[in-house]
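Engineer: this is a predicted model, with the sequence first.
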2 protein chains.
Amino acid sequence: MNLESRSSVDSIEEISRNLEFESIDFFVRLMSLLGLPRSVGEIYGLLYFTPSALTMDQIASRLEISIGSASQGLKTLRSLKAVKTTYVQGDRRDHYLAESEFRRLFSTFLNDEILPHLNSANDRISRMEKEIPKNSNDLDFYNIRIEKLKRLTKASGRLLPTLARLLKL
Amino acid sequence: MNLESRSSVDSIEEISRNLEFESIDFFVRLMSLLGLPRSVGEIYGLLYFTPSALTMDQIASRLEISIGSASQGLKTLRSLKAVKTTYVQGDRRDHYLAESEFRRLFSTFLNDEILPHLNSANDRISRMEKEIPKNSNDLDFYNIRIEKLKRLTKASGRLLPTLARLLKL
DNA sequence: TGAAGTTTTCATTTTTTTTTGAAATTATTG
DNA sequence: CAATAATTTCAAAAAAAAATGAAAACTTCA
């Protein structure tokens, strides 16, 4: 290998190392904003800037986390449809790639993590309403507060689909 | 006090007790969805269905939390503009009321908690772009990934104001 | 089938976050 | 100004969340 091609290879490696580092940091923060553990962000961040599919223990050793953590993290990412597995000739291990279409990720997240909460919020508000007798004038304060909660969940309910539509990234 | 008015008073107390309970549970969940500690949700939930302003130690004793916790929690809620203080004749203590306009709360939250992250994300992406030499053909994979990240933050940046506008609760 | 390879599970440990409570600080009033 | 009341701060304790690693449970293929 001559000096020129060597230096070019080193440079690409350095670029990818730097991008990987920034990527992991980026996704660790983003995921933690969404309440997901550090390891999940690390794994996704690593995969996001890795062109070839990685096995679980490649992931674990690159990130210096336990295989238990890697297994758990990948499970979470699979459930969010944030990773895909690829078949690799003559290798029985699973090979993971990042799903890089954020629109898809986001819509899974909305449906799985947010909508259930919204539904249980609506149930709860119905329960609150039943608590208050009809036409009771001295309970205005409570009625107004319940009304505001209703508007809040109604708006959120309208918002989520709108959000998903706007997110044609 | 005759039986009739007694029963009516009891009933209102029972109603408010039940609403308070549901409210606390509701906001504990909601706040924890936003990454805020239990005590913050409890305090807001209590205030949300309490017509009169409460002092810090009324809050602490009603919720059976320490005054340290109450102080910390109220500090957080003040910084989110989720509570207001009222002046009460001849009482030197602060009296707290819930800010019940969610639109206002939400917009404070967006500005204080989300926008800063978005800005630092943009900085980071610029840094990533500088990493990659111009016109490098063999680095397509990385360029595409960076492009996707840019679209993500651009979309989020457009989304937040839209969100705030839609949230005319 | 069974042996080797791979992944998951889960009790335990580690780390992080939250709460407590008492001391320090600040504010109020007689 | 001092005495009292109200609030904040912060070190230590408690609780909650996450990571570890070894055993169990799968899978594959020779």
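Structural biologist: Yes, it's here. Numbering: from 1, shown residues only, chains lettered A, B, ... in the order given.
Engineer: does chain B have contacts with the host helix or strand of residue A:161?
Structural biologist: Under the assignment given by DSSP states H and E, the secondary-structure element containing residue A:161 is helix A:140-166. Yes: using Cβ under 8 Å from any Cβ of the partner chain, we find that helix A:140-166 touches chain B at A:141-142, A:145-146, A:148-149, A:151-152, A:155, A:158-159, A:162-163, A:166. Every C-beta, even on glycine, is put in place using the N, C-alpha and C of the backbone.
Engineer: now, which of these sits nearest residue A:110?
Structural biologist: Ranking the residues of helix A:140-166 next to chain B by separation from residue A:110, with Cβ to Cβ as the measure, puts residue A:163 on top at 7.1 Å.
Engineer: quick one: contacts for that closest one?
Structural biologist: If a contact means Cβ atoms under 8 Å, 6 or more residues apart in numbering or on different chains, then residue A:163 has A:110, B:159, B:163 as its contacts.
Engineer: nearest spatial neighbour of the first one, chain-adjacent residues omitted?
Structural biologist: When you say that, I think you mean residue A:110. When the adjacent residues along the chain are set aside, residue A:110 lies closest to residue A:160, with 5.4 Å between them (Cβ to Cβ, 6 or more residues apart in numbering or on different chains).
Engineer: save the contacts of residue A:163 as CSV, and put in pLDDT and distance to residue B:43 too.
Structural biologist: Putting those into CSV (pLDDT from 0 to 100; distance: Cβ to Cβ, whole Å) gives the following:
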residue, pLDDT, distance to residue B:43
A:110, 85, 29
B:159, 82, 30
B:163, 75, 26
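Engineer: those also near DNA strand C: which ones?
Structural biologist: Near DNA strand C, taking Cβ under 7 Å from any atom of the strand as the test, no member of the contacts of residue A:163 is found.
Engineer: so does the longest helix anywhere in chain A get close to chain B?
Structural biologist: Of all the segments assigned as helix in chain A under DSSP state H, the longest by residue count is helix A:3-33. Yes: using Cβ under 8 Å from any Cβ as the criterion, contacts between helix A:3-33 and chain B involve A:12, A:15-16, A:18-19, A:22-23, A:25-26, A:29-30, A:33.
Engineer: min pLDDT across those, which one?
Structural biologist: Within the residues of helix A:3-33 next to chain B, residue A:12 has the lowest pLDDT, namely 86.
Engineer: list the contacts of it.
Structural biologist: For residue A:12, the residues meeting the contact criterion (Cβ under 8 Å, 6+ apart) are B:138-139.
Engineer: residue A:100 now?
Structural biologist: Under the criterion of Cβ under 8 Å, 6+ apart, the contact partners of residue A:100 comprise A:48, B:145, B:148.
Engineer: out of the residues you listed, give me the one that has the most neighbours.
Structural biologist: The member of the contacts of residue A:100 that has the most neighbours, counting by other Cβ atoms under 10 Å in any protein chain shown, is residue A:48 with 22 neighbours.
Engineer: isn't residue A:145 up against residue B:48?
Structural biologist: Yes: under the criterion of Cβ atoms under 8 Å, residue A:145 is in contact with residue B:48, at a separation of 6.3 Å.
Engineer: joint contacts of these two?
Structural biologist: Overlap of the contact sets of residue A:145 and residue B:48 (by Cβ under 8 Å, 6+ apart) consists of B:23, B:100.
Engineer: rewinding a little: buried among the residues of helix A:140-166 next to chain B? Make that a PyMOL selection.
Structural biologist: Here is the PyMOL command that selects the buried residues among these (16 or more other Cβ atoms under 10 Å in any protein chain shown):
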select buried, chain A and resi 142+145+146+149+152+155+159+163
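Engineer: my reading is that residue A:100 lies in a helix. Confirm?
Structural biologist: No: read with DSSP: H, G, I helix; E, B strand; the rest coil, residue A:100 is coil and lies in no helix.
Engineer: before we move on, what's the pLDDT of it?
Structural biologist: Value for residue A:100, per-residue pLDDT: 96.
Engineer: now it: how far from residue A:157?
Structural biologist: Using Cβ to Cβ, to the nearest Å, we find residue A:100 at a distance of 29 Å from residue A:157.
Engineer: same question for residue A:70.
Structural biologist: Counting by Cβ to Cβ, the gap from residue A:70 to residue A:157 is 37 Å.
Engineer: looking at chain A, which residue is nearest DNA strand D?
Structural biologist: Residue nearest to DNA strand D within chain A: residue A:68 (2.1 Å; Cβ to the nearest atom of the strand).
Engineer: from residue A:74, how far out is that residue?
Structural biologist: To residue A:74, residue A:68 is 11 Å away according to Cβ to Cβ.
Engineer: tell me which of the two has more neighbours.
Structural biologist: Of the pair residue A:68 and residue A:74, residue A:74 is the one with more neighbours under other Cβ under 10 Å, namely 23 against 10.
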